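Engineer: Have a look at this prediction, sequence included:
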Amino acid sequence: MKILVINGPNLNMLGIREPEIYGSMTLGELNGIVAGEAESLGMETEFFQSNHEGDIIDKIQENYGKIDGAIINPGAFTHYSYAIRDAIASVDYPVVEVHLSDITKREAFRKISVIEEVAAKQIFGKGVGSYLEALNFLVSKH
């Protein structure tokens, strides 16, 4: 089972950016934990991070027919990127939307996700656990 993990804008700054909200773990450390859990579940993972909407769309589309599922933390694109939403809706694999923080307890604009409607599941507020729960969800659907 092959899984793509996409991290959107500013996630490359994990461990530096607002650690009181996002924690002190770096993106590399997060990816290492996710990769370890995925391996224990018999999954192969590919990781991708971009601050650019078009690059994320390209990555989603170029994996059409090539992977069994994806996990995406769209970052701020969660709240307004209909283009990423439409890319997710156009592919044949399940995509789980994840967030490190509890977006329902943040600023008003963060409570809205345009991605949720096309995601197979939305998981938030569990730190790296959001990603791990997403892996287990994808295994259960395969």
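Structural biologist: Nice, thanks for sending it over.
Engineer: did I read that right, residue 48 in a strand?
Structural biologist: Yes - membership of residue 48 in a strand is supported by DSSP: H, G, I helix; E, B strand; the rest coil.
Engineer: quick one: contacts for it?
Structural biologist: The neighbours of residue 48, taking C-beta atoms under 8 Å, 6 or more residues apart in numbering as the test, are 4-7, 56, 59. For glycine as for every other residue, the C-beta is placed from the backbone atoms N, C-alpha and C.
Engineer: Tell me the one among those residues nearest to residue 129.
Structural biologist: Closest approach to residue 129 among the contacts of residue 48 (C-beta to C-beta): residue 5, at 14.4 Å.
Engineer: Helix or strand: which one has the closest one?
Structural biologist: strand 2-7 (DSSP states H and E).
Engineer: Kindly check the end-to-end length of stretch 108-126 for me.
Structural biologist: Stretch 108-126 has an end-to-end distance of 20 Å (C-alpha to C-alpha, to the nearest Å).
Engineer: in the chain, which spans are helices?
Structural biologist: Using DSSP state H, the helices assigned to the chain run over residues 19-22, 27-40, 53-62, 82-90, 128-141.
Engineer: ok, and for the third one, which residues are buried?
Structural biologist: Neighbour counts over helix 53-62 (16 or more other C-beta atoms under 10 Å) mark 53, 56-57, 59-60 as buried.
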